[in-house]
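K.L.:
Using only what follows, build the 3D model:
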Amino acid sequence: MVDDFQADPFRGLMHPCSVEDFLSSAYGRSPWHGPHDASSRRQIIDWNDVNQALSCVRAWDDRSLRLGLHGRPVPTQEYCSLHESLSGTVWRPDVERVSTALKSGATLMASGIDGVIPAVSDLAESIESALPVRVQANLYCSSAGTAGFPRHEDTHDVLVVHLYGRKRWSVSRPAAAPKTGEPGLRSFLLHPGDLLYVPQGWSHEALAEVGPCLHLTLALVHVSMEHLAHMLARAACTPGMSDTPLYDLHLGPQAVAAHLESVLQIMATRVGESLASEILDNLLAGRRVRPRYALPAGHPDHVP
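P.N.:
Purely as a prediction, here's the structure:
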């Protein structure tokens, strides 16, 4: 079982619930709580991994590493300092300022941690192998008793992997969501090793009861309408179309209608040519590349 989980971290994360049961029962329908289970693989990282990742100072800026306190963002200049580089000026987090803010109750959010910590990269890629989604992992570190970020809803599904401390989550059903007989407002107290699923559009907030707290959120990003519209527009563009007027103004208002009709015909033809498959291929090809170095393998001086 351990070897299977190493080859498929997503199944190890969900165990003892199977991925198939999760998809058929909870996914897209309602929040789901997977309590700690000793046979699962949810202790993905520890504080040493976190400190090493954050110590790669040049990997972070004011967009990828943010702080929140009392539900509001901490101003950039309060935890970052300006750095000059060949590509220009950039705000980079200052270790001492960040540490001071955390001691004062701030919450740290490190975006895209799946591109920094190999174990999280492996998990993200395992999810992407199982589901047609794009995954981004964010890391949250917070103190007890202070909310870092305000209540909000996401345009993607979220899997929360709780690692340290104890944190209470409040999750609310969207007003437009169909009633299922379950409470519209639900509360979950997460302990280390717990897993929580929050469907797209469900508003949520979290407050650490015992800290420091550490958790990962895995954003499961679907094909959006914006992505679909962009792909359809590209499919409708025949060679040279983008370099010529869309329609002839000399023909008057009827030209617009004629142009739209021709575009819709092109789209209908392209849909008949498996455009859906092409869009899916583009989505999968556009997912985040998480390369791994294996130095000094292959170096002539390397002796295993």
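K.L.:
Residues touching stretch 144-153, excluding its own?
P.N.:
The contact list for stretch 144-153 (Cβ atoms under 8 Å, 6 or more residues apart in numbering) reads 67-72, 105-109, 140, 142, 165, 170, 174, 200-213. Yep, even glycine has a C-beta here, placed from its N, CA and C like the rest.
K.L.:
Could you tell me the end-to-end distance of that stretch?
P.N.:
Counting by Cα to Cα, to the nearest Å, the length from the leading to the trailing residue of stretch 144-153 is 22 Å.
K.L.:
That one - what's its average pLDDT?
P.N.:
Mean pLDDT, stretch 144-153: 90.
K.L.:
mind checking how far it is from the chain centre?
P.N.:
Distance of stretch 144-153 from the chain centroid (Cα atoms, centre = their mean, to the nearest Å) equals 18 Å.
K.L.:
next one: stretch 247-258
P.N.:
That offset, for stretch 247-258, works out to 44 Å (Cα atoms, centre = their mean).
K.L.:
Also stretch 163-171?
P.N.:
Computed by Cα atoms, centre = their mean, the separation of stretch 163-171 from the middle of its chain amounts to 18 Å.
K.L.:
Same check on stretch 126-144?
P.N.:
5 Å.
K.L.:
Quick check: buried residues in it?
P.N.:
Neighbour-count burial for stretch 126-144, counted by 16 or more other Cβ atoms under 10 Å, picks out 126-128, 131, 133-143.
K.L.:
ditto for stretch 100-113
P.N.:
Neighbour counts over stretch 100-113 (16+ other Cβ under 10 Å) mark Ala101, Leu102, Gly105, Ala106, Thr107, Leu108, Met109, Ala110, Ser111, Gly112, Ile113 as buried.
K.L.:
Pro212 contacts Cys141, doesn't it?
P.N.:
Yes - using Cβ atoms under 8 Å, Pro212 makes contact with Cys141 at a distance of 6.4 Å.
K.L.:
tell me, what's touching those two both at once?
P.N.:
Counting by Cβ under 8 Å, 6+ apart, the common neighbours of Pro212 and Cys141 are Leu102.
K.L.:
circling back to that earlier point, filter the buried residues of stretch 100-113 down to the ones in strands?
P.N.:
Thr107, Leu108, Met109, Ala110, Ser111 (DSSP state E).
K.L.:
need the contact list for the second one.
P.N.:
Put plainly, it is Leu108. Residues near Leu108 by Cβ under 8 Å, 6+ apart: Leu65, Arg66, Leu67, Val98, Leu102, Leu139, Tyr140, Cys141, Ser142, Gly148.
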